[in-house]
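Trainee: below: sequence and its predicted model.
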Amino acid sequence: MKEIEHNLKIKSLKICIVTYNHTFEIIKKNIDSILNQNILCSIFLVDHSPINYLEQNLNQYYKGQVQYFNRSDFNHGYGAGNNFAFKQIPVSEYFLVLNPDIVFQKNVLKTLITEIEKDENIGLIFPKVCNEDGSIQFNIKRHPTLLALIGRRFSFLSRFSLIKKAMESYEFIDFDYSKSSTVDFVGGCIMLLRTKAFQEVNGFDEKYFMYFEDYDLCCNIRNKGYKIAYNSDVTIIHAWNRGSHKSLKLFQIFTTSMLRFFWKWGLKWF
């Protein structure tokens, strides 16, 4: 009986992938790795790309396994895309926010759901994230500070000791990724959320078009009394692309979101 109940809970999982101009090759790797988890779930792909080039391939390869939504005319940002998918049926007990450039290793989803079920106070759980070469991505952060973010954007400034110290503090370089623990901030490339917690904070704040909506969500979840858990037992691979460092438009969006975050949660210099 307990096994049946556990399986029913696992089935109650909704996954949202928000994409913008990602190739079908990237999307296919992502979806195949989800399906290889051998876990029943509903997969939603919200496409903000200006040209619909994914739907035909999705229908050909997955035949109803992925619900596709072309939202190019309704692109109000990453958080808004996830909120849209969350409101679609079926209702789920857990909601997984997922970047398109993620590949799962074995048993990630079952492990994360098992862990979040152990403690009803966990509102969000996050796995170990690695680069394609196997090195760890430092996705566990402390509260963002202005000096740290300036140093990350203009790397030559990291030569100054104050900037370097601010960056090291924010990037939490002394965090032990080999041990599971409770944390304050996680990156938004993957977030397994308890539906109840996500509903209580009204989802992502759609005033952020992109960037900082993940940190804002972490603040809101903790303010509701939920914990954010990091699990070191399972790993995903994230082909990270620092777009804001390569595009003036994305840098402008980043700056706007940063100022919005500081206005809402308080400016910290260091």
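Mentor: Right, received. Where do you want to start?
Trainee: show me what contacts the closest residue to Phe185 other than its chain neighbours?
Mentor: Distance criterion Cβ to Cβ, 6 or more residues apart in numbering; nearest residue to Phe185, sequence neighbours excluded, is Lys141 at 4.2 Å. Where C-beta positions appear, they are placed from N, C-alpha and C, glycine not excepted. Applying Cβ atoms under 8 Å, 6 or more residues apart in numbering, we find Lys141 in contact with 170-172, 184-187, 215.
Trainee: likewise Tyr78?
Mentor: Taking Cβ under 8 Å, 6+ apart, we find Tyr78 in contact with 18, 188, 204, 208-210, 213.
Trainee: and Asn52, how many neighbours?
Mentor: Residues within reach of Asn52, counting by other Cβ atoms under 10 Å, total 11.
Trainee: likewise for Ser92?
Mentor: Number of residues near Ser92 (other Cβ under 10 Å) recorded here: 18.
Trainee: likewise for Phe156?
Mentor: Number of residues near Phe156 (other Cβ under 10 Å) recorded here: 8.
Trainee: how confident was the prediction at it?
Mentor: Looking at Phe156, its pLDDT stands at 83.
Trainee: and the gap between it and Glu168?
Mentor: 16 Å (Cβ to Cβ, to the nearest Å).
Trainee: go ahead and flag the most central residue of the chain.
Mentor: The chain has Gly188 as the residue nearest its centroid, 2.6 Å off, counting by Cα atoms, centre = their mean.
Trainee: who's in contact with stretch 54-64?
Mentor: Contacts of stretch 54-64 (Cβ under 8 Å, 6+ apart): 19, 24, 27-28, 31, 45, 47, 66, 68, 70.
Trainee: kindly list the longest helix within this protein.
Mentor: When the chain is parsed with DSSP state H, its longest helix is helix 248-265.
Trainee: elements contacting it?
Mentor: Judged by 3 or more Cβ pairs under 8 Å, 6 or more residues apart in numbering; DSSP states H and E, the packing partners of helix 248-265 are helix 146-153, helix 213-223.
Trainee: 6 Å instead, please
Mentor: Contacts defined by 3 or more Cβ pairs under 6 Å, 6 or more residues apart in numbering; DSSP states H and E place helix 248-265 against no helix or strand at all.
Trainee: give me the buried positions along that helix.
Mentor: 253-254, 256-258, 260-262, 265 (16 or more other Cβ atoms under 10 Å).
Trainee: save these as JSON lines, and put in distance to Gly151 and pLDDT too.
Mentor: Converted to JSON lines, the buried residues of helix 248-265 look like this (distance: Cβ to Cβ, whole Å; pLDDT from 0 to 100):
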{"residue": "Ile253", "distance to Gly151": "19", "pLDDT": "94"}
{"residue": "Phe254", "distance to Gly151": "14", "pLDDT": "93"}
{"residue": "Thr256", "distance to Gly151": "19", "pLDDT": "96"}
{"residue": "Ser257", "distance to Gly151": "18", "pLDDT": "96"}
{"residue": "Met258", "distance to Gly151": "13", "pLDDT": "95"}
{"residue": "Arg260", "distance to Gly151": "20", "pLDDT": "97"}
{"residue": "Phe261", "distance to Gly151": "17", "pLDDT": "96"}
{"residue": "Phe262", "distance to Gly151": "16", "pLDDT": "96"}
{"residue": "Trp265", "distance to Gly151": "20", "pLDDT": "95"}
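Trainee: any idea how far Lys179 is from the nearest residue to Lys110 once chain neighbours are set aside?
Mentor: Distances taken as Cβ to Cβ, 6+ apart place Ile39 nearest to Lys110, at 5.9 Å, with adjacent residues excluded. Applying Cβ to Cβ, the value for Ile39 to Lys179 is 25 Å.
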